[in-house]
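*Asks:* Model the structure of this input:
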Amino acid sequence: MDGAGLPGKGEPLTARFISGGTQNVIFEITRGEHRCVLRMPPPGAPPDRDKGILREWRIIEALDGTDVPHTSAVGVCADAAVLGRPFYLMGFVDGWSPMDTPGRWPEPFASDISARSALSFQLAEGIALLSKVDWRAGGLHDLGRPNGFHERQVDRWTGFLDRIKNRELPGLDVATEWLRAHGPLDFVPGLMHGDYQFANVMYHHGAPARLAAIVDWEMGTVGDPKLDLGWMVQSWPRFTDDPADSEMGYVDMRGMPSRDEVVAHYAVVSGRQVDDLDYYLVLAKWKLAIVLEQGFQRAGDDEKLLAFGPVVTSLMASAAELAESTDYRG
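*Replies:* Coordinates of the predicted model:
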């Protein structure tokens, strides 16, 4: 840190573990009055995570100076000899994550249901702003392969599934063939998060809701930003005022706007048309089912991963049902 000219030289350094798993570990680093966050692969992570962590750094560095809520880029170290793995430092965000209290919102959103709608509109606005980032000017021209992005999706992920699956997934063939036969109405390449949902954002404390940062960029690439939208709303209830349909996994959706309302907000902020949403919903459900199937196949006795089993079958069946019922012709 001293060699990089970062503030706090001469102050004692303390580290506090925040979170971590098989992919990354995160620590709060404090030197005097200066705070930042260190993110790096754990010792047992696969070697490709080293490239992944440096890839993440490129994205958050490119976001500096944009309207996208993000953690600031503080510094990066590619030398594994320093801490055992490459790492980067990002700005500390004084905020909260929906994952801090799964299943319930913090105050004032727990007691004031009317304040919750802004959480959703801010969520949609985050990726809408991300879709407008000039990724070429940010030096991300080689981050992904936007040319042929949609043409590669089916072959890439069916090939991946063929290597890992040992059970049949009802609806797979229907959804796969539908995706082969359809595509978006238009494709404007842009920066995308890749796993956009409430779990991967932070909000400022208090109301009204304000997005503080989009986090966890492992899946970030240059591709089709509208897939982020499809991913975000693939399980969003059409009508959140129905008590039977107000739960969306780990968040309480009561008081939230409908799916159509958040999609419309995305369209206004991003300037992109959303008439082809059904295509992205089928693609998101189908792709997420395959991604989660990997976790299920290696679950062993891990109860969390075993729980992916019925989620996968439900997602794939939902993708096939939507494919068969939609009148989308793109």
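*Asks:* what are the ranges of the strands in the stretch 201-330 of the chain?
*Replies:* Counting by DSSP state E, counting those that start in this stretch, one finds strands in the stretch 201-330 of the chain at the ranges 201-204, 211-214, 221-223, 247-248, 251-252.
*Asks:* nope, the stretch 51-200 of the chain is what I meant
*Replies:* Applying DSSP E, counting those that start in this stretch to the stretch 51-200 of the chain gives strands spanning 73-77, 87-91, 95-96, 190-192.
*Asks:* could the ones you listed be laid out in CSV, adding distance to Leu140, mean neighbour count and mean pLDDT?
*Replies:* Quick note: C-beta positions are derived from backbone N, CA and C, even for glycine. As requested, the strands of the stretch 51-200 of the chain are exported to CSV (distance: least, CB to CB, whole Å; neighbours: other CB atoms under 10 Å; pLDDT from 0 to 100):
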stretch, distance to Leu140, mean neighbour count, mean pLDDT
strand 73-77, 13, 19, 96
strand 87-91, 16, 22, 97
strand 95-96, 26, 17, 96
strand 190-192, 7, 25, 98
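*Asks:* Using CSV, please lay out those together with distance to Phe308.
*Replies:* Listed next are the strands of the stretch 51-200 of the chain as CSV, based on distance: least, CB to CB, whole Å:
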stretch, distance to Phe308
strand 73-77, 33
strand 87-91, 29
strand 95-96, 26
strand 190-192, 23
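*Asks:* Indicate which one of the ones you listed is closest to Leu281.
*Replies:* Nearest to Leu281, of all those, is strand 190-192, at 15.8 Å by CB to CB.
*Asks:* closest to Gly300 out of the strands of the stretch 51-200 of the chain?
*Replies:* For the strands of the stretch 51-200 of the chain, the distance to Gly300 is smallest for strand 87-91, at 29.4 Å, taking CB to CB.
*Asks:* by contact count, what packs against the closest one?
*Replies:* In terms of contacts (3 or more CB pairs under 8 Å, 6 or more residues apart in numbering; DSSP states H and E), strand 87-91 is packed against strand 34-40, helix 48-63, strand 73-77.
*Asks:* got JSON lines for the ones you listed, with distance to Pro108 too?
*Replies:* Listed next are these as JSON lines, based on distance: least, CB to CB, whole Å:
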{"stretch": "strand 34-40", "distance to Pro108": "26"}
{"stretch": "helix 48-63", "distance to Pro108": "29"}
{"stretch": "strand 73-77", "distance to Pro108": "31"}
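*Asks:* circling back: distance to Thr158 and mean pLDDT added to the strands of the stretch 201-330 of the chain, as JSON lines?
*Replies:* Converted to JSON lines, the strands of the stretch 201-330 of the chain look like this (distance: least, CB to CB, whole Å; pLDDT from 0 to 100):
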{"stretch": "strand 201-204", "distance to Thr158": "30", "mean pLDDT": "98"}
{"stretch": "strand 211-214", "distance to Thr158": "29", "mean pLDDT": "98"}
{"stretch": "strand 221-223", "distance to Thr158": "18", "mean pLDDT": "97"}
{"stretch": "strand 247-248", "distance to Thr158": "27", "mean pLDDT": "54"}
{"stretch": "strand 251-252", "distance to Thr158": "31", "mean pLDDT": "89"}
